[in-house]
Structures are given as C-alpha cells and as structure tokens.
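K.L.:
Quick one, structure for this:
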Amino acid sequence: RLEFFRTRGIVHCFRDEYTLAIKDFTHVIKETRAVRKAKMVHRNNAPNEKLRGKGHKKKGKSGGTKTNGQAPPNGTSAGAGFGGSLTIEGPDGDPLLLHPSVLPDAPDPIEPQCLFLRASAYLQHAVFLIEEAILNLEGIRKAPTVAAVLAKEGLREQITTLVRKSMRDHEKFLSHFDSLEGVPGPAMGGDLAARTEYAFRIAECLRPGSHTPPPPVSESPATFTTYHPLLVESHFSILIGYLFLGDFPSLLPVFTRTAAIVDGLEGYPVFLPPRSMAQAEFVEVLERLAGGWRNGVQPHSLSRANQKQLAIGCAPSAKAKTVERVPTPPSPDASSSLGVNGSSSSTAVHMPPSPSPSGRNTPSSATEREDLLEVLDAARILLAPVVKRQRERAEKAAADKATNGKTKNKPLNINIPLHGPRVEIVLAWLGAVHLPELDAVA
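P.N.:
Numbers count the residues shown, from 1 in each chain. Take a look at the predicted model:
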C-alpha cells in the first residue's frame with residue numbers, strides 16, 4: 001500500500017534521513033498519478049452509454065443524495081457517479097459547476113498530502129545542512145568562520161536547490177485548492193509599503209498567543225479559498241523559502257496575498273484560529289531582523305518619496321488639506337488577481353530567478369549593484385512596519401511602567417517562545433550569505 005511509503009517517509013524525517021524520505025514521498029506521488037492516469041484512459045475508452053448506465057445505477061443505489069460540491073467520504077477521486085457531466089442542478093434549477101475535488105480526474109487525498117510532506121522535507125533538509133555546518137564549528141570564533149563556511153558556493157547552491165524544490169512542491173500542493181481573490185481596495189493602502197504594513201498587522205495579530213488588536217477591517221472584497229488545515233503552514237513555508245533565497249522583492253507581493261488569505265481563513269473551523277509554526281517563525285525572523293540589522297531599518301524609497309511629496313504639497317498654500325500620493329507602482333500580481341483557476345489567483349508562487357552565488361560581499365558590476373539596491377530597498381519596506389510596531393510596544397511599556405510603576409500587583413510575565421529552532425537557522429543563513437552583500441551597497 002502507498003500509505004506504507006508515506007509513513008516510512010515520515011519516520012525517515014524524524015531520523016533526519018531526508019534523502020530517503022523524499023524518495024518515498026516521490027514514489028507515492030508517481031504511483032498515484034500513474035493510477036489516476038490509467039483510470040482516466042480506461043474511462044475515456046469505455047462507451048458513453050455504458051458509463052451513463054453505471055452512473056444511473058450508482059445514483060439509484062445511493063438514494064439520490066446530493067453532494068453539493070463536497071468531497072465523497074471514500075476519497076476525492078470518486079466522482080464517477082456524475083457521468084460525463086461537469087455540472088449539477090442547483091437549488092434554483094440553474095446548472096452549477098462541480099467542485100474539482102469530485103471530478104473523475106481528481107487526485108486521491110494521499111497525493112496532495114505527499115506533496116506537502118515532500119516540500120517540508122526539502123525545506124527541512126536545507127535547514128539541517130545549515131545547522132550541521134554550524135554545529136561542526138563548536139569551540140572556535142563563530143562569526144567569521146560561520147560566514148566563511150555558509151558562503152561556500154557548493155553549500156549555497158545545494159541550499160538554494162532544496163529551497164526551490166520545497167517552494168515548487170508547496171505551490172503544487174496549494175494548486176489543489178481553489179481561491180477567489182478580490183481587487184485590493186483603498187483600505188489596503190495605495191502603495192506597496194502600505195499593503196506590506198497591513199499584511200504584517202494581520203500576520204502579527206493572528207499569530208498564536210498574540211494579544212495585538214487586529215487592524216481596521218478592509219473594505220476590499222475578501223479572499224475566499226477552500227479550507228485545509230495545512231494551508232497556512234504551506235503559505236508561510238513559501239515565505240520562509242524566500243527568506244532563504246534572499247529575494248525580498250518577490251517576497252513582498254506574496255506576503256500581502258498570504259496575509260489576505262490567512263485573514264479570510266479566520267473562523268473557518270469554528271472557535272479554532274489558524275495555527276502555524278511557520279507563521280510564528282516568519283514573524284519572529286522579521287522581529288529579530290528589525291531589532292538587529294542596522295542597514296535594514298533605514299528609510300526606504302517609498303517613505304522618502306512620500307515625505308518629499310508631502311513637503312511639495314504643503315509649501316504653496318496652507319489651505320491644502322490633502323496630499324496626493326506618489327503614483328502606485330504596478331503590482332506584480334495585478335494580472336492574476338481574479339478568478340477561480342486552481343488556486344493560481346492567490347496561491348501561485350512566481351519563482352524568482354536564480355541569483356549568482358558569487359560568495360563575495362561586494363558587487364562585481366553596476367547591474368549587480370542595482371539589483372542589490374533593489375533587494376535592500378524591498379527588505380527595508382518589509383521591516384518598516386515591524387520597526388514601527390516595536391516602537392509602539394516600547395512606548396506603551398514605558399507608559400505602563402510610569403503609570404503602574406509603584407503598584408504592588410505586577411502581572412506575571414511568562415515568556416514562552418512560540419516559534420521553532422528554524423528561526424536561528426534562517427538568521428544565521430541571512431547573516432552569513434545575504435546581509436553582507438546588502439550591507440556592502442548600503
């Protein structure tokens with residue numbers, strides 16, 4: 001049975017045998033796809049009349065129950081009862097499209113499961129290699145040695161390959177769930193910086209254990225998606241992959257879409273908020289970067305442009321009450337913002353071009369310097385709302401201390417980390433590979 005290979009692959013992951021685990025998960029994916037393909041060939045070769053007859057018999061035996069687009073209890077590939085039609089009669093008599101999970105060519109549940117497991121194995125293998133390289137350096141001067149070891153071209157290329165494969169499998173996993181994404185409205189902000197700040201507020205307030213109040217409700221149409229318990233984990237694992245690649249320009253639009261999806265998932269399982277270790281780790285990495293990377297918390301291009309526009313708008317007349325924003329740059333996800341097309345509207349991941357692993361901390365050409373400046377500016381846009389939120393917390397803590405400093409009853413401060421050990425690995429990789437290159441052009 002294929003379940004045996006899935007279970008054995010999970011056991012291999014517990015033993016840090018990620019190559020063997022990936023092999024087992026790949027075997028399950030190939031076998032399920034081969035079986036599905038064979039079934040479709042057999043179905044297409046069978047006479048249509050025979051298929052209709054079988055379909056009516058199955059419908060008669062089942063008592064004419066309606067599925068209403070829900071997956072059957074014996075798996076999502078059992079959609080033969082609908083014959084050759086892709087629609088069912090709705091409550092008003094109008095034909096309604098069947099959900100992809102009940103179509104005859106729908107995959108068995110084990111296929112998307114193993115896609116997610118293989119994606120997680122790829123990412124964890126990359127984390128394991130970085131951690132192993134760091135642990136082999138115990139007892140010596142860490143900072144320069146770790147930077148020298150992690151910046152080796154062979155290791156960097158291997159980590160990049162594993163991370164890209166992980167993101168690819170997460171994208172395939174998410175493609176099994178349809179989504180309908182609305183056009184961003186004024187509440188999301190007029191530029192990328194405002195949208196990023198709104199996304200961070202959502203991601204922070206929905207983090208497990210967070211007591212941060214949510215941001216104002218957006219007036220833009222909500223993002224609707226098929227619920228799955230692993231959706232949030234998969235989305236934020238992709239964001240962690242972008243951190244490993246150091247591709248901050250591609251991370252920003254994906255982050256804004258992910259936050260909208262997570263916000264829409266709130267309340268799907270009643271009384272159960274979405275929980276994700278990857279979400280907690282991603283937010284924690286941003287918090288650490290904002291607190292320790294000096295060049296990353298400098299003003300970004302959009303903030304400087306808005307300040308200049310504000311000064312120009314206020315100088316001519318004191319009667320001006322509104323200030324026009326800088327024209328919004330074209331969003332990279334504008335062309336795919338609408339539609340239900342296999343989740344590509346909200347879960348598609350545009351794989352960034354592979355960076356040249358030069359291993360050097362100085363740009364070799366003017367083009368490379370411009371690219372690094374763009375990456376640095378995107379990183380500053382990403383960290384700007386984090387820095388703002390940290391300042392707000394510090395001011396609130398100082399005010400509370402001044403107000404309640406002399407009171408006897410002080411709240412018990414229980415600091416339990418809500419993130420996993422991958423935070424340290426991501427920070428070590430960024431500090432050894434990507435941040436020195438960005439600091440060189442700052």
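K.L.:
which residues of the stretch 151-300 of the chain fall in helices?
P.N.:
In the stretch 151-300 of the chain, the helices defined using DSSP state H, counting those that start in this stretch lie at 153-174, 192-205, 231-245, 248-265, 277-292.
K.L.:
biggest helix in this protein by residues?
P.N.:
helix 366-404 (DSSP state H).
K.L.:
Which neighbouring elements make contact with that helix?
P.N.:
If you count contacts as 3 or more C-beta pairs under 8 Å, 6 or more residues apart in numbering; DSSP states H and E, helix 366-404 packs onto helix 192-205, helix 248-265, helix 277-292, helix 301-314, helix 435-441. (Each C-beta comes from the backbone N, C-alpha and C, glycine too.)
K.L.:
Give the burial count for the closest residue to Glu287 other than its chain neighbours, as a bare number.
P.N.:
Using C-beta to C-beta, 6 or more residues apart in numbering and skipping the chain neighbours, the partner closest in space to Glu287 is Val386 (6.1 Å). Val386 has 23 neighbours, counted by other C-beta atoms under 10 Å.
K.L.:
Identify the residues contacting Val386.
P.N.:
Contacts for Val386 (C-beta atoms under 8 Å, 6 or more residues apart in numbering) come out as Phe200, Leu286, Glu287, Leu289, Ala290.
K.L.:
CSV for those residues, including pLDDT and neighbour count?
P.N.:
Shown next, in CSV, are the contacts of Val386 (pLDDT from 0 to 100; neighbours: other C-beta atoms under 10 Å):
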residue, pLDDT, neighbour count
Phe200, 86, 23
Leu286, 93, 23
Glu287, 91, 18
Leu289, 93, 22
Ala290, 91, 20
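K.L.:
Show me which of those is closest to Lys401.
P.N.:
The shortest approach to Lys401 among the contacts of Val386 belongs to Glu287, at 20.9 Å (C-beta to C-beta).
K.L.:
That closest one and Gln390 touch, don't they?
P.N.:
Yes: counting by C-beta atoms under 8 Å, Glu287 does reach Gln390; the two are 7.3 Å apart.
K.L.:
Pull up the overlap in contacts between those two.
P.N.:
With C-beta under 8 Å, 6+ apart, Glu287 and Gln390 have no common neighbours.
K.L.:
if we can go back for a sec, only alpha carbons, please: show the helix or strand just after the longest helix of the chain as CSV.
P.N.:
Heading C-terminal from helix 366-404, the first helix or strand you meet, by DSSP states H and E, is helix 422-429. The C-alpha trace of helix 422-429 is given here as CSV (Å, rounded to 0.1, in the frame of the first residue of the first chain):
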residue,chain,number,x,y,z
ARG,A,422,14.4,27.3,12.4
VAL,A,423,14.4,30.9,13.4
GLU,A,424,18.1,30.7,14.4
ILE,A,425,19.0,28.8,11.2
VAL,A,426,17.3,31.4,9.0
LEU,A,427,19.0,34.2,10.8
ALA,A,428,22.4,32.5,10.6
TRP,A,429,22.0,31.9,6.8
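K.L.:
give me the low-pLDDT residue ranges for the stretch 201-350 of the chain?
P.N.:
Flagging of the stretch 201-350 of the chain using pLDDT under 70 yields the residue ranges 206-222, 266-275, 304-350.
K.L.:
picking up where we left off before, as TSV, the contacts of Val386 with distance to Arg36 would be great.
P.N.:
TSV is the format used below for the contacts of Val386 (distance: C-beta to C-beta, whole Å):
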residue	distance to Arg36
Phe200	40
Leu286	40
Glu287	44
Leu289	43
Ala290	46
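K.L.:
just checking, Leu96 is part of a helix?
P.N.:
No: Leu96: not assigned to a helix; according to DSSP: H, G, I helix; E, B strand; the rest coil it is strand.
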